[in-house]
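Student: Next comes the sequence, and after it the predicted model I'd like to discuss.
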Amino acid sequence: MRRQRTELQAWLWGEVVLCGLLAASLALLLTYPTLRAQYDRPQLLLVLATAMALAGLLVALLAGVRFSVTGLHTDLLLAAGFLIWSLSTVAFAIIPVLDGGSLSRADGWATLAGGLAGQALIAVAPFVGGRSRFRDRALRDTVLAAAVALAALWVLLRGHGGALPALTSLPGVADAPPGLASALAAQALIDLLAVVGWGRRFAKTGDDLAPWLALGFTLQGFAALHLVFTPPRGTTYVVAGDYLRMLAFGLMLVGAWRAIRSAELGRAVAEERARVAREIHDGLAQYLFAVSTLAQMLEAGTSVDEVGPQLKEAAGLAQQEARFAILALSSASGTAPFDSALRRYVEFLTADGELAVDLEIDPAIRLAPDEQIEIFRIVQEGLGNIRRHARATRAEVVIGRRPSGERFVAIEDDGEGFPPEAPTAGHGLRNMRDRALSIEGGFSVRSSPGLGTALEVVLRT
């Protein structure tokens with residue numbers, strides 16, 4: 001709670017500073033009209049529009065991935081909003097220009113209307129609760145609905161192109177035309193609602209994406225105000241508001257990427273806990289059953305000398321299994337950085353002195369989020385197998401990079417090993433091999449009776 005409160009305060013101060021700077025820049029433009037510079041740069045405008053559309057599509061994709069993990073309606077609306085917003089830009093602001101034509105009045109209003117619809121969905125999203133049971137179908141229906149809505153918008157505006165108001169400032173008039181000014185004012189209000197909604201969501205839930213969206217829509221709101229007071233003189237002119245919109249998309253893309261990493265790690269934690277639960281069932285439950293059976297034998301009159309050593313051994317093994325399960329659950333919490341979580345896991349695993357583990361992580365190595373998750377699992381499972389089955393006293397884990405640039409993960413022990421033909425029979429080894437394949441890595445194992453075992457995962461280039 002204290003950490004979340006600190007992050008909320010930092011975000012609030014960031015909002016205050018950002019709003020102050022943007023308000024000051026807007027005041028300067030209003031006070032000194034000579035600062036309202038705009039340039040006839042059709043190629044630059046096309047590049048900016050393309051970059052914003054691509055950023056929006058990436059945010060929509062990442063929000064869709066997060067929805068497939070969480071099932072939250074908030075994420076579905078977020079994906080739908082960015083999808084409609086970006087597709088309208090591609091369909092009505094980019095493709096007509098690439099075809100060699102100019103931006104017509106109908107195309108311009110279609111772009112603006114699509115942006116308003118998309119932003120409205122994003123602004124409403126933080127106020128919507130609940131989860132979807134049919135996630136794949138919901139995503140498919142969302143994409144179809146977005147395409148149908150854009151097609152209907154294009155047909156509607158094309159049929160009334162001549163009656164639409166102008167999208168640029170009129171000759172000799174510095175202010176935006178009334179119709180455009182009203183649309184931009186509505187956009188600014190929608191952006192304000194989005195800032196309030198996502199800020200409120202961040203305060204209530206600590207959503208990783210919420211503060212980035214709030215900051216992005218703060219920039220979007222001021223971009224709309226800039227366009228109200230500094231409308232472009234033509235459809236090929238670049239104004240200050242365009243740069244603010246570009247910066248806003250960049251911020252929101254960074255936030256979406258960070259949030260999807262968090263969601264994927266959360267999914268991995270749930271899967272890891274399910275795996276540990278299975279291990280408790282398969283391992284700990286068997287030892288407890290053995291303890292119960294031996295206790296019944298004592299009750300039936302079997303001598304203590306005969307049953308006592310077996311009972312002590314079964315109880316000790318059950319204790320080891322319970323300790324391993326607790327450590328696995330606590331270490332895969334997803335709240336610590338990768339290297340810290342792994343070191344913490346090793347520290348607890350070796351606390352009783354039964355197994356010594358040397359852990360070496362190259363500080364310069366870079367691991368993708370999916371690689372961090374699977375490598376943590378592989379090391380965890382590898383050390384768990386060593387602890388339970390290898391009868392080893394020492395193990396070594398190395399996560400590093402060779403001079404050739406190849407990244408690798410190596411796990412070795414001094415245990416009793418097994419014959420070369422046996423690796424495919426081990427369930428734990430199959431799990432580790434599957435996990436390596438899931439991140440496009442190679443997996444190999446070397447072992448001989450009495451000479452220990454060496455595992456290696458070569459990561460993708």
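Tutor: Perfect, thanks for sending it.

Student: For A79, the count of nearby residues, please.
Tutor: 29 (other C-beta atoms under 10 Å). Yep, even glycine has a C-beta here, placed from its N, CA and C like the rest.

Student: if I look at it, how far off is A60?
Tutor: Distance of A79 to A60, computed by C-beta to C-beta, to the nearest Å: 5 Å.

Student: With L103 instead?
Tutor: L103 is 23 Å from A60, by C-beta to C-beta.

Student: which of these two has more neighbours?
Tutor: A60 (25 against 21).

Student: Can you read off the pLDDT for the more buried one?
Tutor: pLDDT, A60: 88.

Student: residue contacts, it?
Tutor: 78-83, 86 (C-beta atoms under 8 Å, 6 or more residues apart in numbering).

Student: Repeat that for T236.
Tutor: 40-42, 45, 102-103.

Student: Look up phi and psi at it.
Tutor: phi -110, psi 10 (degrees, to the nearest 10).

Student: just the strands in the stretch 251-400 of the chain please.
Tutor: Counting by DSSP state E, counting those that start in this stretch, the stretch 251-400 of the chain has strands at residues 356-361, 394-401.

Student: Would you mind listing the outside residues contacting the first one?
Tutor: This means strand 356-361. With C-beta under 8 Å, 6+ apart, strand 356-361 has contacts from 339, 342-343, 346, 349-350, 383, 393-400.

Student: Just the buried ones from the residues you listed?
Tutor: Buried members of the contacts of strand 356-361, scored by 16 or more other C-beta atoms under 10 Å, are 339, 342, 346, 349-350, 383, 395, 397, 399.

Student: Using pLDDT, spot the least trustworthy of those.
Tutor: Minimum pLDDT across these falls on L349, with 75.

Student: ok so, going back, and of the contacts of A60, the nearest to P211?
Tutor: L78 (14.2 Å; C-beta to C-beta).

Student: Please name every helix or strand in contact with the helix or strand the closest one falls within.
Tutor: For L78, the host element (DSSP states H and E) is helix 73-89. In terms of contacts (3 or more C-beta pairs under 8 Å, 6 or more residues apart in numbering; DSSP states H and E), helix 73-89 is packed against helix 42-70, helix 105-124, helix 135-159.

Student: Of those helices, give the one that comes closest to S303.
Tutor: helix 42-70 (56.8 Å).

Student: angle of that closest one against helix 73-89?
Tutor: 160 degrees (axes from the mean of the first three to the mean of the last three C-alpha atoms, to 10 degrees).

Student: For helix 42-70, buried residues please.
Tutor: Buried, per 16+ other C-beta under 10 Å, within helix 42-70: 45, 48-50, 52-53, 55-70.

Student: In terms of pLDDT, where does D282 sit?
Tutor: 54.

Student: can you check T393 too?
Tutor: 91.

Student: go on, A106?
Tutor: pLDDT, A106: 78.

Student: Near it, how many other residues are there?
Tutor: Quick note: A106 (other C-beta under 10 Å) scores 20 neighbours.

Student: For A151, see how far away it is.
Tutor: 14 Å.

Student: And the residue lying closest to F249 once chain neighbours are set aside, how far from R200?
Tutor: Leaving out its chain neighbours, the residue that sits closest to F249 by C-beta to C-beta, 6 or more residues apart in numbering is A55, at 4.0 Å. Here the criterion is C-beta to C-beta. By it, A55 lies 25 Å from R200.

Student: Which helix or strand in the chain has the lowest average pLDDT?
Tutor: helix 304-331 (a mean of 68; mean pLDDT, DSSP states H and E).

Student: In the chain, which residue sits furthest out from the middle?
Tutor: G301 (60.6 Å; C-alpha atoms, centre = their mean).

Student: Three-state assignment for A410, please.
Tutor: strand (DSSP: H, G, I helix; E, B strand; the rest coil).

Student: residue contacts, it?
Tutor: 396-398, 454-457.

Student: what stretches of this protein score poorly on pLDDT?
Tutor: For the chain, applying pLDDT under 70 flags the ranges 1-5, 99-102, 157-177, 259-287, 317, 320-337, 351, 420-427.

Student: how deep is G417 tucked in, by neighbour count?
Tutor: With other C-beta under 10 Å as criterion, G417 counts 20.

Student: what sits against it?
Tutor: Contacts of G417 by C-beta under 8 Å, 6+ apart are 390, 447-453.

Student: Rebuild these as TSV, extending it with neighbour count and secondary structure.
Tutor: Formatted as TSV, the contacts of G417 follow (neighbours: other C-beta atoms under 10 Å; DSSP: H, G, I helix; E, B strand; the rest coil):
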residue	neighbour count	secondary structure
A390	21	helix
S447	21	strand
S448	13	coil
P449	11	coil
G450	9	coil
L451	12	coil
G452	20	coil
T453	25	strand
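
Student: Max pairwise distance over those: which two?
Tutor: Going by C-beta to C-beta, the pair spanning those furthest: A390 and S448, at 12.6 Å.

Student: Quick one: work out the angle between the helix holding L78 and helix 105-124.
Tutor: 170 degrees.

Student: could you point out which element follows helix 73-89?
Tutor: helix 95-98.

Student: For that next one, buried residues please.
Tutor: Going by 16+ other C-beta under 10 Å, helix 95-98 has these buried residues: 96-97.

Student: what secondary structure does G234 sit in?
Tutor: G234 ends up coil, using three-state DSSP.
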